[in-house]
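Student: based on what follows, work out the 3D shape:
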Amino acid sequence: SREGGERRLNDSGLTGGGGHWREEMAAFQQQRRNAEIDRLHTKTFVAWANAHLQRRGLQVRDMGRDFRDGTLLVNLAEELVGEACPFAYAKKPTNEYQEMDNLVVGLKFLGTRGRVSDIDPAMVHKGDTKALLALLWRLIVNFGGFSDPVGGGPG
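Tutor: Numbering: from 1, shown residues only. Below you'll find the predicted structure:
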């Protein structure tokens, strides 16, 4: 028996007695699986967005940064909806206020055609991966999935 609550490193380098190291290892493995899933979703969803944005000569290179100012979101929304955004927005935002306003405008415009109301523009502005993946997934669901937007055939 251990006296005084002494903790030792086990073979894996994790502390704890009994089954604690197994719990820590399982949590670590789950984090790795989640990170891999997020990476795959990001790659797939960005490819979908880029397929739509290519007609405008635009591209998502870094999801967290590229959606930050809202202009890419408005451009993507216009491509998906098939018409110009009816709301005014800053095409070249110069400050955080204009960036946030652009995100609100893009979400408002998309909201006229599908359900995106629970997407927090502040989280998109921060580059939050979960918020961005949720947004892109909603767009995929609402605007037609993974077909080829240029050729019109299945992709």
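
Student: any idea where the helices of the chain begin and end?
Tutor: For the chain, the helices defined by DSSP state H cover 20-53, 63-66, 71-81, 96-111, 121-126, 129-143.

Student: angle of the fourth one against helix 129-143?
Tutor: For helix 96-111 against helix 129-143, the angle between stretch directions is 30 degrees (axes from the mean of the first three to the mean of the last three Cα atoms, to 10 degrees).

Student: which strands or helices does helix 96-111 pack on?
Tutor: The contact analysis (3 or more Cβ pairs under 8 Å, 6 or more residues apart in numbering; DSSP states H and E) places helix 96-111 against helix 71-81, helix 121-126. C-betas here are computed from N, CA, C, even on glycine.

Student: what are the buried residues along the last one?
Tutor: What that stands for is helix 121-126. Using 16 or more other Cβ atoms under 10 Å as the test for burial, helix 121-126 gives 121, 123-125.

Student: which one of the helices of the chain is the most hemmed in?
Tutor: Each of the helices of the chain was scored by mean neighbour count; the highest is helix 71-81, a mean of 22, by mean count of other Cβ atoms under 10 Å.

Student: how far does it sit from the chain's center?
Tutor: Helix 71-81 sits 15 Å away from the centroid of its parent chain (Cα atoms, centre = their mean, to the nearest Å).

Student: likewise for stretch 53-60?
Tutor: From the chain centre to the centre of stretch 53-60 is a distance of 18 Å (Cα atoms, centre = their mean).

Student: again with stretch 102-115
Tutor: 16 Å.

Student: can you list contacts of it?
Tutor: The contact list for stretch 102-115 (Cβ atoms under 8 Å, 6 or more residues apart in numbering) reads 67, 69-71, 73-74, 76-78, 80-81, 85-90, 93, 116-117, 119, 121, 124-125, 138-139, 141-143.

Student: can you check the distance spanned by stretch 104-120, start to finish?
Tutor: Using Cα to Cα, to the nearest Å, one end of stretch 104-120 lies 9 Å from the other.

Student: mind checking the pLDDT average for that stretch?
Tutor: Stretch 104-120 carries an average pLDDT of 88.

Student: and if you look at stretch 140-155?
Tutor: Across stretch 140-155, the average pLDDT comes to 61.
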